[in-house]
Every structure is written in C-alpha cells, then in structure tokens.
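Fold the following for me, if possible:
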Amino acid sequence: MKNRLVTIDSTKRTLTISTSGLEDKGYQLINGSDIILVNSLGNSVYELKLRNGLIALPIDLTTLSNTEYNSGDAQSSLQFLSDVGGIMNKPPPEEAIQITSSSFGEQLVVQPTTFIQTAPVYNLIPSNFIEYTSASGTTGVDNRMFKVTTGTTVFGYGKIQSLRALSYNAGQGGRARFTMRFDSAVADSWQAVGLMSISDELSFGYNGLDFGIWYRKNGFAEVRTIAITGASSGSTDLTLTLNSVVYTIPLTSGTVEHNAYEVADWLENNQSVWKAEQLDDTVIISALTDGAKSGTYSFSHATATGTITQNKAGVTKTSTHIVQSEWNVNNLSDWNTPFDPTKGNVAQITYKYLGFGDIFFWLENPDTGRFQNVHIIKYTNQNTTPSLLNPSFKLGLYAESVGSTTDLSVYSASMAAFVDGTLTKTKNPRAVENTQSVGTGGFTNILTIRNRNTYNSFVNQGEIIPIILSLSTDSSKSIEIRVVVNGTPSGDTDFTEVGTNLVSDIDVTANTITGGTLLIASALRIEKLINLDDLEIRIFPSFTFSITARLTSGSSADVTAALTYYESI
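The predicted structure follows:
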C-alpha cells in the first residue's frame with residue numbers, strides 16, 4: 001500500500017518513508033488498531049512510536065530516503081501486519097484525545113459539568129476563593145492574575161484555594177484546567193498550581209530547583225472530640241491543652257451544651273490551628289494541617305468536667321515529585337519551542353479514580369495549540385490500595401518556603417474544574433422543619449442547617465444542595481423572609497445531628513441572625529413554596545444556611561419552615 005509519504009509492505013514487513021516535505025511535521029500512521037507516530041526530530045532524523053509510547057525508534061533517513069527500512073526487531077511491537085490506513089497530517093493522539101474522549105476514553109456526547117470556574121479579570125479575588133498565609137507570605141491579584149508569595153521568612157507561605165471542591169462522582173472522571181507561571185526557583189521551597197486538599201494533591205510545580213508533577217496522597221488531619229461531661233457552675237476560666245499548647249477559655253454557668261458552645265466559639269475566634277464545631281454537648285476539633293499532632297491534651301476547670309478523645313490520628317501526606325525529565329509520555333525534549341515555566345502555560349489534569357484508575361497530566365503544546373499528554377501515573381493492575389484518600393479536590397496555587405529566604409511568586413490567570421458528563425442524584429433527599437414564634441424586631445432564626453467540617457472523622461469535601469423551601473404562617477400579616485449563609489447569631493447555638501451518617505446538623509435556637517450573605521429575600525402571606533434547586537445554591541463544609549423571619553406589624557406570629565435538601569457526598 002502506498003501514499004505520498006509512506007509505503008508499507010505487510011508481506012515483507014518493511015516501511016518506506018519519503019523525507020520530502022516531512023521536515024518539522026508530525027504524522028499518524030493508522031495500522032489496524034495501532035497508531036504509530038512519525039515525528040520529526042530534525043536533521044532528517046525521525047521517530048517511530050506507538051500511541052502509548054512503548055516504542056521510540058530514532059531513524060536516520062539521510063541515507064534511507066525513498067528506500068526500504070526493515071522494521072527488524074521492532075516489528076513485533078509495531079505489528080505491521082494488516083490493513084494499513086493512510087497518513088494524516090494532524091496532531092498526534094496524545095494531543096487530541098481529550099477533546100473527543102472522557103477520562104475513560106469514551107466519546108463525550110455532553111458538556112462536562114462545571115464545579116469551579118474563575119478568572120480574576122477585575123483584579124479581585126472572588127468570594128468563592130479563600131486565602132491562607134503564614135510568616136511573611138502573601139496572597140493577592142497582580143495584573144489580573146492570582147498571585148501567592150513566600151516572602152523572605154523561613155516557612156513563609158501563601159495559598160489561594162477554592163471554597164468549593166470538585167466533588168467526585170463514581171464512574172465519572174474529573175478534570176481541571178488552569179494556567180500557571182513561576183517567577184523563579186530556589187532550593188528548600190515548594191511551588192504548585194493544580195488540584196489540592198488537606199489529604200491529596202495533583203499539580204504541576206517545583207520541588208526546590210526541579211520542575212515537575214506533585215503527587216501527594218493519604219494525608220490525615222488530627223480529629224478529636226472534646227466532651228463536656230459536667231457544666232460550669234460559675235464564671236471561671238477553662239485551661240484547655242491541645243497538642244501541648246495551652247488555651248485559657250472563659251466559661252460561664254449553664255448547661256453542658258452552653259459550655260460546649262463557649263469552647264467552640266472561643267477557639268473559632270482566637271486561634272488558627274484548629275477548626276472547632278459545637279455538636280450537642282461536644283466540640284469536634286480538626287487540625288487545619290495534615291500530620292501528627294501527638295502532643296499533650298487536657299481539660300482542667302474548677303467545676304466543669306470534660307474529656308478529650310482522639311477520633312483520627314494526623315498523618316503527613318506521602319509526597320512524590322516527578323521531575324520533568326522522568327515524565328513517561330513526553331518530557332518535552334521534542335518540542336520545537338522549549339518549555340519555559342517562567343512563562344505562562346496552560347495545563348490540564350484528568351483522572352478516573354474508581355480507586356485504581358490512571359491519572360493523566362497535560363500541557364498545551366505551544367507549536368500546535370493543543371493539549372499534549374506528558375505523564376501518566378499508571379495505577380491500574382499495580383496496587384492494592386486506592387490512589388487517593390479522597391478524590392474530591394479543591395483548585396488552587398501555593399508558594400511555600402521549607403527553609404529558603406528567597407521571595408518566590410506563583411501566578412495563575414484562570415482555572416476551572418469539571419466532572420465528565422451530567423450529574424444525577426443517586427440518593428434520597430433529606431428534610432428538616434421547625435416552627436418558631438417571630439416578632440417585629442430582628443430576623444429570628446426558624447432553622448439553621450450546617451454542613452459539618454468532618455464526616456466520620458475525615459475532613460469533609462462534600463456539599464449540601466437545598467432543593468425546596470416551604471413556608472407557612474398562622475398570621476394574616478405580611479412576614480419578611482430572609483435566607484442567609486454564615487449569618488451571626490445573637491447568642492448560643494445548639495447544633496444537633498439531623499440523622500445517622502449525615503453531614504447535616506440543625507439548630508433551632510430562636511436567635512436573631514445578622515450579617516452573612518443574603519441569598520433570598522421574600523414576603524410571606526399564609527404559605528409559600530420556593531424552588532431552590534433552580535438557584536443552584538451550595539452549602540460548603542462548615543457553612544451555615546439560616547431561614548429567618550420577621551413580622552411587619554403586630555405582636556407575634558408562628559412561622560413554619562420546611563427544607564428539603566440533598567447531601568452530595
């Protein structure tokens with residue numbers, strides 16, 4: 001079989017390549033189910049390899065032009081056996097496959113579902129992202145790009161990360177696309193842009209002076225429960241020791257639930273090492289970093305009594321940095337335009353998970369404008385434990401000193417994360433309801449639900465999706481309704497579990513709710529039904545969602561709120 005570039009004789013198992021017009025071009029040779037790449041390496045040297053990169057044979061065609069090249073030992077790998085198709089002048093498959101295929105190689109017939117999408121084009125960090133710093137590290141926006149720095153202090157740290165996580169759905173792949181730029185690199189520093197959480201990370205970035213891919217997994221946050229077993233009988237300070245650090249917390253007389261609220265509220269507002277949440281007569285604390293927190297713990301008070309129990313021991317993530325020269329698909333040495341991390345580049349990461357699926361890393365080839373697969377973490381059929389602790393990731397960037405004093409900067413102009421395909425609810429919804437007497441003063445809490453920070457002692461990455469809100473009143477007067485996220489209560493809250501193995505907690509204390517983010521403002525007469533599903537509201541871990549009401553005139557009225565919602569976890 002012949003065409004203008006290649007002749008293959010399947011009987012003799014020989015290949016003939018004409019060099020005329022081949023310079024600086026890449027081609028695919030489709031041979032049955034195999035795709036062989038013919039790539040120019042310059043100076044009349046070409047490369048033959050299978051799509052999966054198992055074979056790479058440099059061929060010097062200076063003396064072989066228009067003659068036969070006997071595949072020899074390569075024939076068993078390249079399988080020049082039957083039905084040869086044509087040569088096509090198009091990007092190699094590793095550049096094009098993601099456009100038409102899901103993470104499992106299935107043809108995409110629907111748009112991926114967006115979970116995270118942002119670009120700081122107005123030189124502001126959007127409200128759905130959060131910033132972290134330590135020492136002299138900084139976060140911000142510079143020239144319409146997210147920017148994080150280490151500062152010049154040892155262990156300086158800057159990080160910008162999405163509030164929302166790319167929520168994993170079994171059997172559907174995840175993907176992230178983002179841009180990245182790194183000013184410089186020095187020893188004793190870490191820099192990255194990509195998918196990350198307290199337990200796992202998939203990203204592009206530097207380990208010291210080496211550019212590559214970060215693969216971190218199986219990090220655990222220390223989780224403990226402080227149980228208040230006896231209430232304080234007066235106003236006396238609690239001496240609470242957590243990981244050998246002593247905190248002095250004022251307690252007042254009341255119930256054990258009241259003291260649990262006081263401890264959680266103080267910890268939330270006076271330190272930055274632990275996340276604290278009151279749940280009935282306990283306080284659930286979880287470390288904000290992974291790794292062991294094996295110091296001393298104690299509870300000491302004149303009249304109140306309590307215990308501290310370890311739910312989950314902290315474990316540092318296992319970190320692997322795969323340097324660029326070791327990438328197993330394409331280490332970029334054949335790019336006509338050399339790869340430069342100090343310039344803005346476009347990256348993509350795709351993963352199947354299912355526990356043992358492969359993980360793919362891509363970069364946009366500046367010569368073709370298409371994504372090119374550069375590395376695969378090959379996990380299938382090679383391991384006995386899952387590749388990640390939790391495949392639900394947040395999206396972000398960080399720069400961290402681990403000993404250096406050079407001020408390093410990392411930038412990203414845009415980032416997005418998707419699930420391949422559409423989402424469906426695979427579990428039954430949940431519902432809560434409560435009736436509260438309201439007056440004409442402030443907006444009174446009818447009910448508040450909270451997405452708990454931890455779930456079965458793991459850091460929670462799931463979200464609560466409100467579906468339907470039903471409201472009714474026994475008053476003929478008009479009632480104002482406000483639905484608020486992260487409002488401030490006027491007094492103690494008393495969260496209790498909605499049910500077993502759920503992430504949602506409920507508080508029905510008749511506090512006045514102020515501040516927060518107003519999501520819905522409405523008026524109620526007799527009864528009302530609000531479809532929340534269309535609004536696509538998401539309640540992230542640690543967030544509260546309060547339904548509040550105020551009477552426009554009169555003395556008081558009973559208002560009932562019933563909320564139906566879905567836990568995406």
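
The closest residue to Gly314 other than its chain neighbours is in what secondary structure piece?
For Gly314, ignoring the flanking residues on the chain, the nearest one in space by Cβ to Cβ, 6 or more residues apart in numbering is Glu222 at 3.5 Å. (Glycine included, C-beta is placed from N, CA and C.) Using DSSP states H and E, the element containing Glu222 is strand 221-230.

now do Glu257
Once you assign secondary structure using DSSP H and E, Glu257 falls within helix 256-270.

Could I have the CA atoms of that helix written out in PDB?
Output of helix 256-270 as PDB, limited to C-alpha atoms (Å, rounded to 0.1, in the frame of the first residue of the first chain):
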ATOM      1  CA  VAL A 256     -23.100  21.300  79.100                       C
ATOM      2  CA  GLU A 257     -24.400  22.400  75.600                       C
ATOM      3  CA  HIS A 258     -23.800  26.100  76.600                       C
ATOM      4  CA  ASN A 259     -20.200  25.400  77.700                       C
ATOM      5  CA  ALA A 260     -19.600  23.400  74.500                       C
ATOM      6  CA  TYR A 261     -20.800  26.400  72.500                       C
ATOM      7  CA  GLU A 262     -18.400  28.700  74.500                       C
ATOM      8  CA  VAL A 263     -15.400  26.500  73.900                       C
ATOM      9  CA  ALA A 264     -16.100  26.200  70.100                       C
ATOM     10  CA  ASP A 265     -16.900  29.900  69.700                       C
ATOM     11  CA  TRP A 266     -13.700  30.900  71.500                       C
ATOM     12  CA  LEU A 267     -11.500  28.500  69.500                       C
ATOM     13  CA  GLU A 268     -13.000  29.700  66.200                       C
ATOM     14  CA  ASN A 269     -12.200  33.400  67.100                       C
ATOM     15  CA  ASN A 270      -8.900  33.200  68.900                       C
END
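
buried set for that helix?
Neighbour-count burial for helix 256-270, counted by 16 or more other Cβ atoms under 10 Å, picks out Val256, Glu257, His258, Asn259, Ala260, Tyr261, Glu262, Val263, Ala264, Asp265, Trp266, Leu267.

check contacts around the spatially closest residue to Leu388 that is not a sequence neighbour.
In this structure, Leu388 finds its nearest non-sequential neighbour in Asp200, 4.6 Å apart by Cβ to Cβ, 6+ apart. With contacts defined as Cβ atoms under 8 Å, 6 or more residues apart in numbering, Asp200 is in contact with Arg216, Lys217, Asn218, Gly219, Lys317, Leu388, Leu389, Asn390, Pro391, Phe393.

before we move on, back to that, quick check: next helix or strand after the helix holding Glu257?
strand 274-279.

what's the next helix or strand after that following strand packed up against?
The C-terminal neighbour of strand 274-279 among helices and strands, as given by DSSP H and E, is strand 282-290. On a contact count with 3 or more Cβ pairs under 8 Å, 6 or more residues apart in numbering; DSSP states H and E, strand 282-290 meets strand 221-230, helix 256-270, strand 274-279.

Looking at the ones you listed, spot the one closest to Arg177.
Closest to Arg177 of the helices and strands packed on strand 282-290, according to Cβ to Cβ: strand 221-230, at 28.1 Å.

Just name whatever secondary elements the closest one is in contact with.
helix 256-270, strand 282-290, strand 305-312.

Put the alpha carbons of it into PDB.
The C-alpha coordinates for strand 221-230 follow below in PDB (Å, rounded to 0.1, in the frame of the first residue of the first chain):
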ATOM      1  CA  ALA A 221      -5.900  15.800  59.800                       C
ATOM      2  CA  GLU A 222      -5.900  15.100  63.500                       C
ATOM      3  CA  VAL A 223      -9.500  14.900  64.700                       C
ATOM      4  CA  ARG A 224     -10.600  14.900  68.400                       C
ATOM      5  CA  THR A 225     -13.700  15.300  70.400                       C
ATOM      6  CA  ILE A 226     -13.900  17.400  73.500                       C
ATOM      7  CA  ALA A 227     -16.900  16.100  75.500                       C
ATOM      8  CA  ILE A 228     -18.300  18.400  78.300                       C
ATOM      9  CA  THR A 229     -19.400  15.900  80.900                       C
ATOM     10  CA  GLY A 230     -20.200  18.400  83.600                       C
END
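
Tell me which strands that strand pairs with, and in which orientation.
Here strand 221-230 is paired, per DSSP bridges, with strand 282-290 (antiparallel), strand 305-312 (antiparallel).

What residues sit buried inside that strand?
Ala221, Glu222, Val223, Arg224, Thr225, Ile226, Ala227, Ile228.

I'd assumed Asn453 was in contact with the third one.
Going back to what we said before, that points to Val223. No - Val223 sits out of contact with Asn453 when judged by Cβ atoms under 8 Å, with a separation of 9.3 Å.

OK, contacts around Thr259?
Quick fix: residue 259 is Asn, not Thr. Ile228, Ala231, Ser232, Leu251, Ala304.

Now pLDDT and distance to Thr241 too, for those, in CSV please.
Formatted as CSV, the contacts of Asn259 follow (pLDDT from 0 to 100; distance: Cβ to Cβ, whole Å):
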residue, pLDDT, distance to Thr241
Ile228, 98, 16
Ala231, 97, 20
Ser232, 97, 18
Leu251, 98, 15
Ala304, 98, 15
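
Quickly name whichever of the residues you listed is closest to Ser325.
For those, the nearest to Ser325 is Ile228 (56.2 Å; Cβ to Cβ).

how about the closest one, what does it touch?
Contacts of Ile228 by Cβ under 8 Å, 6+ apart are Val256, Glu257, Asn259, Ala260, Val263, Asp281, Thr282, Val283, Ala304, Thr305, Gly306.

Hmm, Val283 and the fifth one touching each other?
Okay, so that is Val263. Yes - counting by Cβ under 8 Å, Val263 does reach Val283; the two are 5.0 Å apart.

Now list whatever residues contact both of the two.
Ile226, Ile228, Ala276.

ok, and the closest non-adjacent residue to the second one?
Same thing as Ile228. Closest to Ile228 by Cβ to Cβ, 6+ apart is Val256, at 4.3 Å.

can you check Gly194 too?
Gly194 sits nearest to Ser203 (Cβ to Cβ, 6+ apart), 2.7 Å away.

any idea how far the one you found is from Ile160?
Counting by Cβ to Cβ, to the nearest Å, the gap from Ser203 to Ile160 is 13 Å.
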